[in-house]
Structure formats: C-alpha cells, structure tokens
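Enquirer: What would the 3D arrangement of this be:
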Amino acid sequence: MSNISVAHGDGGRRLTVWTDDGVPLAVRDFGSPDAATTVVFVHGHCLRTESWWALRRQLVRFWRGDVRMVFYDHRGHGASGEAPAATYTIDQLGRDLGTVLNAVAPHGPIILVGHSMGGMATLSYARQTPSVIGSRVVGMALISTASCDLGEVGLGRHLRSPAVSLFRTAVRRAPRMMHGSKRLGRAVCAALARAVGARDRVIDPRLSVLVAAMANTTSVVTMSSFLESLLGFDERHSLAALADIPSLILCGSVDMLTPFEHSAAMASMLPASELVSVDGAGHSVIFERATEVALAIIGLIDRITHGDAGVIGPVPVDPGSVDAGPVDSGPVDSGPVDSEEPDSRDLMAVG
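Expert: Numbers count the residues shown, from 1 in each chain. As a prediction, the model looks like this:
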C-alpha cells in the first residue's frame, strides 16, 4: 500500500507522506518530476515550508523547472500531523527525512539543504543511512546550523537556563493544558524573533510577519520537546560520511543562535566544502538575504555538475553582485508555483 497521496494546485504539487508511525507529513513539490536533480529543503525549529518562500522564488526564476525542489513540514509543524511528544527528536526527524526521500524521490541524485534544526536532521539522516551518501545524496547545504555543542556558545547557552528548564518541565507535566496556550507560544516565538535580529540591524518587516504567523501555528509541546533534543544534540562524527561529497556551509556573520564558529568547525572537517559568511545577516539568512543564499546553492549545484571539489575558507558574498532587496520579484513561467509572497493570513491558514 502506498504511503503517499498527491493533489495539484497553484502552489506546486501538494503531497502527503505517511511515516512508519502513522504521522502525515505535508510535502510541496516544484519543478518537473522528471528533472535530473532533486533538491530537498528541510526547515528549522518552529518554522515550516513557508520559511523557504523567498529563497524558493529566487531558485525557481533561475532553474525554471529544470531542477526539482521538494519542501516539507516536520512532524508537529505547519500542515503536518502532530505526534507523541516522545517522537519530537532530531533522530526521528532524520528518519522522517528518509521516509520523504523514499516516497517522493526514490531514484536519481539528491541534494539536501537544511536550515538550523533542519541541517541537524540531515546530519542525523546521514548517520542513519551512510550507504546513500555519495550514491544517492550527492551534495549537502548546511545553513545556519551546527553539529554539536549548541549549549556552549551564542544564545544556545540559554537552553540550560532555569527558565527554559522550568518551561520544559511544565509542558511535560501538563501537556494538554500547555498545548493550547497560544499566548505562551507567541511569547516564546517573540523571544526567538528578537534573537533572530542582531543588535542594531534593521530587519525586513516581512520577517516579523513570518515569525508572528509561525507563533500562531506551532504547538508549545512541539517547541518544548524539540528543545530537549537540541540540548543533547551531537552529530560531529556524522560529518565524516560527508567528507567526499561537495557541500556548502553557510551562516550569517551575526547569527546569534548558531554563531559562525559552528559553521567554521564543520567546514574544517569537510575537505570538499565551501564555507560562506553572509556579512551582516542573522539566523534567518534564508529570508533576510535570499538572493545571496540562492547564488551559493546554485554554485553548489554547479560544483556537483562539473566535478569541482570546492574550497575551505570563508567566502564572503559580494552584495554588489546580487540584487539589493531580499526578494527578486520578476516573472516566473516554470509551471505551477505560488507567485505571490505569503501574507500572515496565508501562513496561518496553512497551519
């Protein structure tokens, strides 16, 4: 019996993939199903597919359907189903990623792109399925993420604070009551939104709309349960499996959640990696600086296609070589895609 259902609409193909434990995962598919290459995007904590919309628009304009792009919501996030709190772990997200890949892209080369917790899920997947690295998974982009020691530097240090510990304990003891607390959810995400900014930087107001919408749709149980998994996360040894495939390690220079030193440490263990620092960008670099991130991902695909091993060392993106704004809003003619940026009502409706 198939574990996938498909529906077609103006926002790409919408699919539902069921995990082995019966959780429905909401998937969106852009580009030709017969494309030679599939790129799968894995989002971060308290986010969902819509967090990629600005980057997706850039890539659709460049690739025009020649590269297939797959996006999905983690369990407990966005339009995907909820699950027992005990399954809200990064290890489980790695297994879910494998389920999505087997269902929607069972053949052909795959490039994985993970942002924040999504990057951690891709590392977990690499450890769990090492046989596919190099054979099926031919490249990886790790954006604003880390392989270990989240509680040691940056704002991740607050994961060990008494306030966070109290929050997690309250959710464990009264999950049903806490689950419905939208006020608490908004407060937690508001704190994350402040953390996304870096001191005196001016943040695009659309980013605030995006984060506010996420706050209305992410369960407090989901938030809390994954915090526990993040605290103990350590996949530094998984990097060895990626040593021989081209990779992109990208981070904003003022990322306060997963500081650049995490990216530099990962790149030092990956000889075929390119380390990119996006000057002045924070943790939400995929939204703040979508054009620069798109160019870096396009460069990764080119390296894979042409067999260039890449380099280690920070490679700043020259802002003068790309569009000044965070989103290039030119015409798109590559098939069914959502041509308008989502407003807060669209984002909340999906969840």
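Enquirer: L123: which element?
Expert: Assigned by DSSP states H and E, L123 belongs to helix 117-128.
Enquirer: Touching that helix from outside, list them.
Expert: 41-45, 74, 90-91, 93-98, 112, 114, 133, 137, 140, 142-147, 226, 230, 233, 235, 237-239, 241-242 (CB atoms under 8 Å, 6 or more residues apart in numbering). No exception for glycine: its C-beta is placed from N, CA and C like everyone else's.
Enquirer: Pull out the buried residues from those residues.
Expert: 41-45, 74, 90-91, 93-98, 112, 114, 133, 137, 140, 142-147, 226, 230, 233, 235, 238-239, 241-242 (16 or more other CB atoms under 10 Å).
Enquirer: picking that back up, report the rounded mean pLDDT for the helix holding L123.
Expert: Across helix 117-128, the average pLDDT comes to 98.
Enquirer: Buried residues, that helix. List them.
Expert: Quick answer for helix 117-128 (16+ other CB under 10 Å): 117-127.
Enquirer: Please determine how far V254 is located from F233.
Expert: Distance of V254 to F233, given as CB to CB, to the nearest Å: 22 Å.
Enquirer: The buried ones among the contacts of helix 117-128 in helices, which ones?
Expert: 90-91, 93-98, 226, 230 (DSSP state H).
Enquirer: do you know how far the closest residue to T222 other than its chain neighbours is from T37?
Expert: Of all residues not flanking T222 in the chain, G76 sits nearest, at 3.7 Å (CB to CB, 6 or more residues apart in numbering). Distance of G76 to T37, computed by CB to CB: 30 Å.
Enquirer: between those two, which one's more packed in?
Expert: G76 (23 against 20; other CB atoms under 10 Å).
Enquirer: Give the rounded mean pLDDT of stretch 298-316.
Expert: 67.
Enquirer: oh sorry, the question was meant for stretch 97-111
Expert: Mean predicted confidence for stretch 97-111 is 96.
Enquirer: Could you shift the numbering so residue one becomes 30, and keep it that way?
Expert: Noted, 30 is the first residue going forward, which turns the last one into stretch 126-140.
Enquirer: can you pull the buried residues of that stretch?
Expert: By neighbour count on 16+ other CB under 10 Å, the buried set for stretch 126-140 is 126-130, 132-134, 138-140.
Enquirer: So V182 sits against P288, correct?
Expert: Yes: V182 lies in contact with P288 (CB atoms under 8 Å); the separation is 5.5 Å.
Enquirer: who's more crowded, the two?
Expert: Per other CB under 10 Å, whichever of V182 and P288 has more neighbours is P288, with 20 against 15.
Enquirer: Distance to T45 added to the ones in helices among the buried ones among the contacts of helix 146-157, as JSON lines?
Expert: JSON lines is the format used below for these (distance: CB to CB, whole Å):
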{"residue": "I119", "distance to T45": "23"}
{"residue": "D120", "distance to T45": "23"}
{"residue": "L122", "distance to T45": "17"}
{"residue": "G123", "distance to T45": "20"}
{"residue": "R124", "distance to T45": "17"}
{"residue": "D125", "distance to T45": "13"}
{"residue": "L126", "distance to T45": "16"}
{"residue": "G127", "distance to T45": "17"}
{"residue": "F255", "distance to T45": "22"}
{"residue": "L259", "distance to T45": "27"}
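Enquirer: Closest one of those residues to A112?
Expert: Nearest to A112 among these is D125, at 9.5 Å by CB to CB.
Enquirer: for the closest one, what are its contacts?
Expert: 48, 52, 54, 103-104, 150.
Enquirer: Could you do A325 as well?
Expert: With CB under 8 Å, 6+ apart, A325 has these contacts: 170, 277, 279, 303, 305, 346.
Enquirer: Parallel or antiparallel, which strands does the helix or strand where the second one lies pair with?
Expert: With secondary structure defined by DSSP H and E, L277 is part of strand 276-281. Partner strands and pairing direction for strand 276-281 (DSSP bridges) are strand 166-172 (parallel), strand 302-307 (parallel).
Enquirer: can you dump the C-alpha coordinates of the top helix by length along the chain into CSV?
Expert: Longest helix in the chain, counting residues (DSSP H): helix 319-335. Output of helix 319-335 as CSV, limited to C-alpha atoms (Å, rounded to 0.1, in the frame of the first residue of the first chain):
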residue,chain,number,x,y,z
ALA,A,319,17.6,35.1,-0.1
THR,A,320,19.4,36.1,-3.2
GLU,A,321,22.8,35.5,-1.8
VAL,A,322,21.8,32.2,-0.4
ALA,A,323,20.3,31.2,-3.7
LEU,A,324,23.5,32.1,-5.5
ALA,A,325,25.5,29.9,-3.1
ILE,A,326,23.1,27.0,-3.6
ILE,A,327,23.3,27.4,-7.4
GLY,A,328,27.1,27.4,-7.0
LEU,A,329,26.9,24.1,-5.1
ILE,A,330,24.8,22.5,-7.8
ASP,A,331,27.4,23.7,-10.4
ARG,A,332,30.2,22.2,-8.5
ILE,A,333,28.4,18.9,-8.3
THR,A,334,27.6,19.1,-12.0
HIS,A,335,31.1,20.0,-13.1
